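> Curious how this folds, go ahead:
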Amino acid sequence: MTPQTHRALAAAALLALTFGATSLGVCLAAATARADAPDSTAAVGPAGSQESEKPAEAKTKTKTKAKKVSRAAKRKGSSMSDSSGAAVGTMPVAPAVTPEHVQVQHILIGFAGTISGKSITRSKEEARKLAYEILGRARKGEDFGALVEKYTDDSPPGIYGMSGHGVTPAAGEYSRDGMVPAFGNVGFAISAGNIGIADYDPNTSPYGWHVIKRLK
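Next up is the predicted model:
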């Protein structure tokens with residue numbers, strides 16, 4: 001017998017003493033029924049707690065969905081550029097196997113006195129600064145051909161095919177050994193689509209800075 005039943009029977013007995021023994025049966029029946037009825041407060045408790053959990057559950061789902069969307073957006077962004085702002089595929093990556101043949105396009109940035117027959121007036125420092133500015137723009141996705149047309153001190157489109165050391169040049173190609181050393185040093189060291197730079201050096205790059213894109 002539950003505590004509720006004890007209390008109900010005690011109350012029924014008191015009522016019976018007050019109103020007469022004939023009412024005892026009725027009072028007992030009513031008290032027992034009330035005591036045995038499900039506790040409405042207890043019933044509300046779990047339901048209330050379940051209801052209170054629903055908003056929290058929905059909030060958690062919303063946060064999870066938001067995180068997924070955020071991660072997807074980051075992945076989408078990373079597919080277009082890296083943390084430096086360079087377009088994907090433009091930063092130098094060494095090829096898995098050194099190629100026997102490459103095709104490159106370059107932008108030559110010279111300075112006063114480096115290229116015979118060219119009336120270039122920019123200083124060496126100005127040439128270096130311009131070359132790296134062009135490199136940055138090219139890596140961020142600007143049209144390389146258009147940059148060649150606008151800036152090169154060579155003849156546009158500045159596309160050359162080269163064969164590697166000891167490899168017979170194909171039709172229209174030049175032997176790497178017959179080119180400015182830095183030109184081949186960069187061209188063979190990067191993968192197709194990458195953009196690199198050969199710094200001015202009196203021995204390996206005597207004409208100035210070469211911004212080089214490997215085409216294939």
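
> how close does residue 119 sit to residue 189?
33 Å (CB to CB, to the nearest Å). Every C-beta, even on glycine, is put in place using the N, C-alpha and C of the backbone.

> the more surrounded of the two?
Ranked by neighbour count (other CB atoms under 10 Å), residue 119 and residue 189 place residue 189 first, with 17 against 6.

> wait, residue 161 sits on residue 173?
Yes: the pair residue 161 / residue 173 is scored as a contact, 3.9 Å apart, by CB atoms under 8 Å.

> Which residues are in contact with each of these two?
residue 101 (CB atoms under 8 Å, 6 or more residues apart in numbering).

> which outside residues touch the longest strand along the chain?
Identified as the longest strand of the chain according to DSSP state E is strand 101-109. Strand 101-109 is touched from outside by 115, 127, 130-131, 134, 138, 144-145, 147-148, 151-154, 157-164, 167, 170, 173, 183, 186-188, 207-216, with contacts defined as CB under 8 Å, 6+ apart.

> Who does that strand pair with, and is each partner parallel or antiparallel?
Strand 101-109 has the following strand partners under DSSP bridges: strand 159-163 (antiparallel), strand 209-214 (antiparallel).

> Quick one: mean pLDDT over the first one.
It refers to strand 159-163. Averaged across strand 159-163, pLDDT comes to 95.

> And for the last one?
Average pLDDT, strand 209-214: 97.

> Save the strands paired with strand 101-109 as a markdown table, and put in mean neighbour count and distance to residue 86 too.
Formatted as a markdown table, these follow (neighbours: other CB atoms under 10 Å; distance: least, CB to CB, whole Å):
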| stretch | mean neighbour count | distance to residue 86 |
| --- | --- | --- |
| strand 159-163 | 19 | 22 |
| strand 209-214 | 28 | 13 |
